[in-house]
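**Student:** Attaching a predicted model along with its sequence, questions to come.
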Amino acid sequence: MTTAESGAASGCHVCGGRLEVQAGYGELTRVTSDCKPWPAGGTLGACIACGLVQKVLDARWRAEIDRIYDAYTIYFQGGGAEQAVFSPAGEALQRSERLVGELHRRGLAAEGRAVDVGCGNGAFLAALSRAMPGWSLVGTELSDKYRDRIEAIPRVERLYTGPLDEIPGQFDLVSMIHALEHIPHPVELLRSVAGILRPGGTLFIEVPDAVRNPFDLVIADHASHFTPVSLTSLLARAGYEVVSVSSEWVPKEISLVARPGGSAAVPAGHAEAGALEGLQWLLGVRDAARAVRDAQGGGAFGLFGSSIAATWLSAELAGAAAFFVDEDPSRRGSQFAGRPILAPDQVAPGSRVFIGVGGGLAPKIAARLTRDHPAVRWTAAPPEPPA
Ligand SMILES: [Zn+2]
């Protein structure tokens, strides 16, 4: 571990504190957030003052980000469809429907005006429109690639692609769904968001949880790797009162509700770098996958999953996986990283499959698949550090 030179280019992008650069990270293959392999060579730091684990946002990172976003494909792995999540009752829902449902259950008013900052292809706006017909909706995005699709959603006023302060009027709800982790200047952005919220308005933020999902660390275009503590601290620094922060709405993600005008007192002594333990865990996962690949006894080697974790392991194992296994029926029969995606019952007897999944799910999946498909050897990733 070395300490980065202090200075604007290498200071913490939340508090300006000094960053400790993590040895070993630069050797890891990375993955883009739209699930494409990306070469090794990143720099990961932990702020010694506020504890936020983050990318060092130097000229090299910025140049990489430009290349990644030029070629960006939303929901690449799902052919444009949003990933499914599961409600406590086991009902499959699109992530956005789940989030809107939770906001509704917690007392979101029946009518108002909402803006989704970084609205992508409009998945959250569409879910809001379906569930909350009393709301008028606005989207913002860097490009107008999905303008027609977004503006065709009922009750969407229009898509804006400029700065927030150019949007006329104010809002009762500002949402940022998987947006804040991409932002190089999150404090400044959150302060501009406060400027478009009505008094008493609600800010809703959804980001990956880097402790519950350490694979987040290898996502090249994520500037910040939040934990509930570091996200809460950021909101306090930007002048918000945090109403609730939960890791239960969507597995491996943080859902935070805040209002502008908190005490603005940043909690003292909150430095924590819990996400860094995930870096060691990732190295252990890679080694465990290599051991399964190299095990004697014949049979083909495959990887469970067909998204970020499988993309990363496949690249770290130099494409050694002959196939991928996915339980989502919509993936069955398609290709991923040039290899077939099989349903569990399509895997040949005697094959070895490594399950590199975060969130404490791997042992449960391995036990279930071993019970249902005993002729295949299913191996779970090692246990993660406690969240
Ligand atoms: Zn900091």
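**Tutor:** Good, I have the coordinates.

**Student:** which residue packs closest to whichever residue of the stretch 51-200 of the chain sits closest to the ion, ignoring adjacent ones?
**Tutor:** Residue of the stretch 51-200 of the chain nearest the ion, by C-beta to the ion: Leu52 (5.0 Å). (Glycine included, C-beta is placed from N, CA and C.) Among residues not flanking Leu52 along the chain, Ser230 sits closest, at 4.5 Å (C-beta to C-beta, 6 or more residues apart in numbering).

**Student:** and the one you found, how many neighbours does it have?
**Tutor:** 27 (other C-beta atoms under 10 Å).

**Student:** Quick check: next helix or strand after the helix or strand hosting it?
**Tutor:** Following DSSP states H and E, one finds Ser230 within helix 228-237. Scanning forward in sequence from helix 228-237 by DSSP H and E, the next helix or strand is strand 240-246.

**Student:** Can you list the buried residues in that next one?
**Tutor:** 240, 242, 245 (16 or more other C-beta atoms under 10 Å).

**Student:** May I see the residues you listed arranged in JSON lines, with distance to the ion as well?
**Tutor:** What follows is the buried residues of strand 240-246, written out as JSON lines (distance: C-beta to the ion, whole Å):
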{"residue": "Tyr240", "distance to the ion": "17"}
{"residue": "Val242", "distance to the ion": "18"}
{"residue": "Val245", "distance to the ion": "18"}
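
**Student:** so can I have a markdown table of these showing pLDDT?
**Tutor:** Below are the buried residues of strand 240-246 laid out as a markdown table (pLDDT from 0 to 100):
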| residue | pLDDT |
| --- | --- |
| Tyr240 | 95 |
| Val242 | 94 |
| Val245 | 95 |
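
**Student:** Just put those residues in JSON lines and tack on distance to Val347.
**Tutor:** Shown next, in JSON lines, are the buried residues of strand 240-246 (distance: C-beta to C-beta, whole Å):
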{"residue": "Tyr240", "distance to Val347": "48"}
{"residue": "Val242", "distance to Val347": "45"}
{"residue": "Val245", "distance to Val347": "39"}
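
**Student:** Flag every residue of the chain that's near the ion.
**Tutor:** By C-beta under 5 Å from the ion, the residues of the chain that approach the ion are 12, 14-15, 17, 47, 49-50.

**Student:** Now do the SS call for the residue of the chain most remote from its centre.
**Tutor:** Most distant from the centre of the chain: Gly297, at 37.3 Å, with distances by C-alpha atoms, centre = their mean. Assigned state for Gly297: coil (three-state reduction, DSSP: H, G, I helix; E, B strand; the rest coil).

**Student:** for it, what are its contacts?
**Tutor:** Gly350 (C-beta atoms under 8 Å, 6 or more residues apart in numbering).

**Student:** picking that back up, if we only consider the buried residues of strand 240-246, which is nearest to Arg293?
**Tutor:** Closest approach between these and Arg293, by C-beta to C-beta: Val245, at 38.9 Å.

**Student:** Contacts only, for the closest one.
**Tutor:** Counted by C-beta under 8 Å, 6+ apart, Val245 has contacts 228, 231-232, 254-257.

**Student:** Output the contacting helices and strands for the helix or strand hosting Ala258.
**Tutor:** Following DSSP H and E, the helix or strand that holds Ala258 is strand 253-260. In terms of contacts (3 or more C-beta pairs under 8 Å, 6 or more residues apart in numbering; DSSP states H and E), strand 253-260 is packed against helix 95-105, strand 197-208, helix 228-237, strand 240-246.

**Student:** Much appreciated, bye for now.
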